[in-house]
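Novice: model the following, please.
(one chain, ligands or ions: 1)
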Amino acid sequence: MTEGTKNIVVTIDGPAGAGKSTVARAAAARIGLPYLDTGALYRAAALKLKQAGIAPEEGERITGALSSIDIELLPDGRITACGEDVTKAIRTPEVDRIVSAYAARGEVREALISIQRAQAANGLVADGRDMGTVVFPDAELKIFLTASAEERARRRCLERRAKGEEADYDVVLKEVNERDHYDMTREIAPLRPAPGCIILDSSDMDAEAVTDVIASLAGEFMEQNRR
Ligand code: CDP
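Specialist: Now for the predicted structure:
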């Protein structure tokens, strides 16, 4: 591959449980680009703010606190906040429940946007809610990955049970629907397909099939650009 043709930005947005992180990580490895998990940044911010006793409504305190929380994504995939490894702590059902309320706040989004853009110098695959609409509007390839709420809840239950946690399908379905509602109706950077994106419904596709589609679209783009 010619030097320079690989430095593309691929964005994968979509609702909770659509399989974004699995597919984004696999596609990034296949294409040979770094992977950026922006949900992890929002989770780390929510966890630390909650621990500090700061509610989502406390805008000024949020800005002050986030300026010193210092969230870092390490090359090996771990994430730290204030130097503490929070990789596991951000994946609990409690963080699942609180993260969207913090993520709806402009103060939180503003603090995290520069961390995200700073990672893109050599191209990347980024997954989240507003990658194609707000953070990387000029991305070369934009995907909106979705699936039915029922299928997403089923996947989330499997994920939790695989970690040894309990998961009641009806409760998880309700949580998935609530988080979708929050993410799609918030005023700032709501979840929606970006202009020019490709919409992929993964209800009947496994992660490998979705990864194949994304990697081949990225490959086509790079091939065209080489000519
Ligand atoms: O993996 P899952 O889809 O459950 O969530 P995630 O990608 O880890 O993101 C957790 C939450 O962070 C989402 O429900 C959004 O509220 C928020 N988020 C966001 O607002 N913008 C992003 N770019 C990424 C996540």
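
Novice: I'd say residue 179 and residue 98 touch.
Specialist: No - the criterion here is CB atoms under 8 Å, and residue 179 misses it with residue 98 at 10.5 Å. (Each C-beta comes from the backbone N, C-alpha and C, glycine too.)

Novice: what about the two, which has more around it?
Specialist: Taking other CB atoms under 10 Å, residue 179 and residue 98 do not tie; residue 179 has more neighbours (21 against 17).

Novice: pretty sure the more buried one sits in a helix.
Specialist: Yes - assigned with DSSP: H, G, I helix; E, B strand; the rest coil, residue 179 falls within a helix.

Novice: let me know the pLDDT of it.
Specialist: Note for residue 179: predicted pLDDT of 89.

Novice: residue boundaries of the strands in this structure?
Specialist: Along the chain, the segments classed as strands by DSSP state E run 9-13, 35-37, 71-73, 79-81, 84-85, 124-128, 141-146, 198-201.

Novice: tell me the contacts of the residue nearest the centre of the chain?
Specialist: Closest to where the C-alpha atoms of the chain average out (CA atoms, centre = their mean) is residue 128, at 2.7 Å. Residues near residue 128 by CB atoms under 8 Å, 6 or more residues apart in numbering: 11-13, 20, 38-39, 42, 135.

Novice: would you mind checking these for buried ones?
Specialist: Buried residues within these, counting neighbours by 16 or more other CB atoms under 10 Å: 11-13, 20, 38-39, 42, 135.

Novice: and the ligand, which of those residues reach it?
Specialist: The subset of the buried ones among the contacts of residue 128 within reach of the ligand, by CB under 6 Å from any ligand atom, is 20, 38-39, 42.

Novice: not counting its neighbours along the chain, what's nearest residue 196?
Specialist: Spatial nearest neighbour of residue 196, excluding adjacent residues (CB to CB, 6 or more residues apart in numbering): residue 142 at 6.1 Å.

Novice: surely residue 124 meets residue 10?
Specialist: Yes - at 7.4 Å, residue 124 counts as touching residue 10 under the criterion of CB under 8 Å.

Novice: which residues do the two both contact?
Specialist: Jointly contacting residue 124 and residue 10 under the rule CB under 8 Å, 6+ apart are 28, 33.

Novice: for residue 71, what are its contacts?
Specialist: Residues near residue 71 by CB under 8 Å, 6+ apart: 41, 44-45, 48, 79-81, 112, 115.

Novice: quick check: it vs residue 207, distance?
Specialist: Counting by CB to CB, to the nearest Å, the gap from residue 71 to residue 207 is 27 Å.

Novice: quick revisit: surely the residue nearest to residue 196 touches residue 125?
Specialist: No - with contact defined as CB under 8 Å, residue 142 does not reach residue 125; the gap is 11.3 Å.

Novice: neighbour count: these two, which is higher?
Specialist: residue 125 (30 against 23).

Novice: tell me the bridge partners for the more buried one.
Specialist: residue 10, residue 35 (DSSP bridges).

Novice: run a quick neighbour tally on residue 145.
Specialist: Counted by other CB under 10 Å, the residues lying close to residue 145 total 24.
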